[in-house]
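> output the structure for:
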Amino acid sequence: MKQETVDRILTVGTELLIKNGYNSVGLNRILESANIPKGSFYYYFKSKEDFGLKVLDFYARQNLDFLKTFLENKEQEPRDRIFDLLNSIQAIYEEQDYLQGCLLGNSSLELAAQKESFANQIAHGLGQWQNLFAKTIAEGQEAGSINIEFSADQYAEFLINSWEGALVRMKTTRSNAPMELFILFLEKLL
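The predicted structure follows:
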């Protein structure tokens, strides 16, 4: 029961933070949205910072599972897996009218300079995603479908950095154009 409640609070917290940012969401709003009594918050979390860190971890793990559904699909070539994933993500952001972006990217801009704990949690989440991309890219390099000019780790780091930048730009332009340009260049690079 406790984990069920924590997951519900983290799900609500993810929605609130991705739409509003960490600094704009107070505890009362979290409690009301999650429908839990005020005193119960500290039963589940040590502080708002602890809550924020757990939301970032929850989001990173959920999205890692989502990425795996594409990147670990052995029925497709590794290169195709990457671009199917990116095109699917592009469609998701289009459905959201480009307003939400990625919680880790958004939080990088908002929180990384405020507290080292946030910077470390964000880096850890992005690092897990990057490692998954590197594994898929290495597989494609071994199969001959992905360029070997750079290492799989270098391609994966470029992919994560450029993808997060494209998402930030999508929010400001409210269009797919930044993601489309990123995908176009990535197709040429890989």
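> use CA for all of it now, contacts and neighbours both
Fine.
> what's the single longest helix in the chain?
Ranked by residue count and defined by DSSP state H, the top helix of the chain is helix 116-143.
> what comes up buried for it?
117-119, 121-127, 129-130, 132-141 (16 or more other C-alpha atoms under 10 Å).
> what's near enough to touch residue 11?
residue 55 (C-alpha atoms under 8 Å, 6 or more residues apart in numbering).
> and residue 31, by the same measure?
37, 38, 41.
> and residue 16, by the same measure?
25, 30.
> alpha carbons of the helix or strand hosting it, as PDB, please.
Using DSSP states H and E, residue 16 sits in helix 2-20. The C-alpha trace of helix 2-20 is given here as PDB (Å, rounded to 0.1, in the frame of the first residue of the first chain):
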ATOM      1  CA  LYS A   2       2.800   2.400   0.900                       C
ATOM      2  CA  GLN A   3       4.600   2.000  -2.500                       C
ATOM      3  CA  GLU A   4       1.200   2.400  -4.300                       C
ATOM      4  CA  THR A   5       0.700   5.700  -2.500                       C
ATOM      5  CA  VAL A   6       4.200   6.800  -3.200                       C
ATOM      6  CA  ASP A   7       3.900   6.000  -6.900                       C
ATOM      7  CA  ARG A   8       0.600   7.900  -7.100                       C
ATOM      8  CA  ILE A   9       2.300  10.900  -5.400                       C
ATOM      9  CA  LEU A  10       5.300  10.700  -7.800                       C
ATOM     10  CA  THR A  11       3.000  10.400 -10.800                       C
ATOM     11  CA  VAL A  12       1.100  13.500  -9.700                       C
ATOM     12  CA  GLY A  13       4.400  15.200  -8.900                       C
ATOM     13  CA  THR A  14       5.800  14.400 -12.300                       C
ATOM     14  CA  GLU A  15       2.800  16.000 -14.000                       C
ATOM     15  CA  LEU A  16       3.000  19.100 -11.800                       C
ATOM     16  CA  LEU A  17       6.700  19.600 -12.200                       C
ATOM     17  CA  ILE A  18       6.800  19.000 -15.900                       C
ATOM     18  CA  LYS A  19       4.100  21.600 -16.500                       C
ATOM     19  CA  ASN A  20       5.100  24.100 -13.800                       C
END
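> now do stretch 39-55, average pLDDT.
Throughout stretch 39-55, pLDDT has a mean value of 92.
> just stretch 105-112 next, same as before
The model assigns stretch 105-112 a mean pLDDT of 93.
> need the CA coordinates for it. PDB is fine.
Written as PDB, here are the backbone C-alpha positions of stretch 105-112 (Å, rounded to 0.1, in the frame of the first residue of the first chain):
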ATOM      1  CA  GLY A 105      16.000  18.800 -19.500                       C
ATOM      2  CA  ASN A 106      13.600  21.300 -17.900                       C
ATOM      3  CA  SER A 107      15.000  20.600 -14.500                       C
ATOM      4  CA  SER A 108      18.600  20.900 -15.800                       C
ATOM      5  CA  LEU A 109      17.800  24.500 -16.700                       C
ATOM      6  CA  GLU A 110      15.900  25.200 -13.500                       C
ATOM      7  CA  LEU A 111      17.600  23.200 -10.700                       C
ATOM      8  CA  ALA A 112      21.100  22.000 -11.700                       C
END
